[in-house]
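Peer 1: Quick one: sequence plus predicted model below, questions after.
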Amino acid sequence: MTETEKTARTPHPLYTVESALAWYTFIADRLADDLRTGYPTADSGSAVGDYQEDLKTAQCAHQRFTDAWQRRDRYEAKDAWWELKNIAGQWSSHTDFPEPVSDGTMPCPIPSDDTGHPCTKKIPRGWTASEGHGGGHFWQSPKVAELEKAGVHYDAGQLLSGQPAKYHLPKDCTPDCWKWRDR
Ligand SMILES: [Zn+2]
Ligand SMILES: [Zn+2]
């Protein structure tokens, strides 16, 4: 399967048309704010020139995202998305900043490309979903995640193969279990 086909099947949860537009709108609004602030004191010619130049950069990045999205080029779309986000980053403390910041409980939104299983890691406090978490993703079927949380012993290979897996609580463990020593 090519990357293109994967994109068609499962759109990336972060690099969407909506979020790219949210970045662009946010940037355009902040640039307009800056122009209004700069206009009375700064030389108006240069303030307007800076505004137009910065707005054009953001417009180009957004257009690049849109074009890449339409031809399902996930790499180019991601790159353009990050160009927008990096421009917006200078106003990261603004109340309208489009990407929510984690309080430490935000789940990682990136599912596995292969199985669609969710990532069980959390976005650290103060980080955004696109900044992610340390290390790689840890994809796990919701059923396995639930069993692990409950501390049960089970055969992971059986679950992965889609077979109904047998499991038991640690108190019911028997010496033939591979986790017998952990009980
Ligand atoms: Zn993750
Ligand atoms: Zn056991």
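Peer 2: Cool, got the structure. Ligands and ions are numbered 1, 2, ... in the order given.

Peer 1: ranges for the strands of this protein?
Peer 2: Under the criterion DSSP state E, the chain carries strands at the ranges 153-154, 167-168.

Peer 1: In TSV, list those along with distance to ligand 2, mean pLDDT and mean neighbour count.
Peer 2: (Glycine included, C-beta is placed from N, CA and C.) As requested, the strands of the chain are exported to TSV (distance: least, Cβ to the ion, whole Å; pLDDT from 0 to 100; neighbours: other Cβ atoms under 10 Å):
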stretch	distance to ligand 2	mean pLDDT	mean neighbour count
strand 153-154	3	83	19
strand 167-168	6	83	14
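
Peer 1: To Y75, which of those lies closest?
Peer 2: Closest to Y75 of those is strand 153-154 (Cβ to Cβ; 38.0 Å).

Peer 1: Counting by contacts, list what the closest one packs against.
Peer 2: strand 167-168 (3 or more Cβ pairs under 8 Å, 6 or more residues apart in numbering; DSSP states H and E).

Peer 1: Would you mind listing the outside residues contacting the strand it packs on?
Peer 2: Outside strand 167-168, the residues that touch it by Cβ atoms under 8 Å, 6 or more residues apart in numbering are L147, V152, H153, Y154, D155, C177.

Peer 1: so the first one makes contact with A156?
Peer 2: So the one you mean is L147. No: judged on Cβ atoms under 8 Å, L147 makes no contact with A156 at a distance of 9.4 Å.

Peer 1: which of the contacts of strand 167-168 lies closest to ligand 1?
Peer 2: Set against ligand 1, the nearest of the contacts of strand 167-168 by Cβ to the ion is L147 (19.6 Å).

Peer 1: Identify the residue nearest the closest one in space, chain neighbours excluded?
Peer 2: Y154 (5.5 Å; Cβ to Cβ, 6 or more residues apart in numbering).
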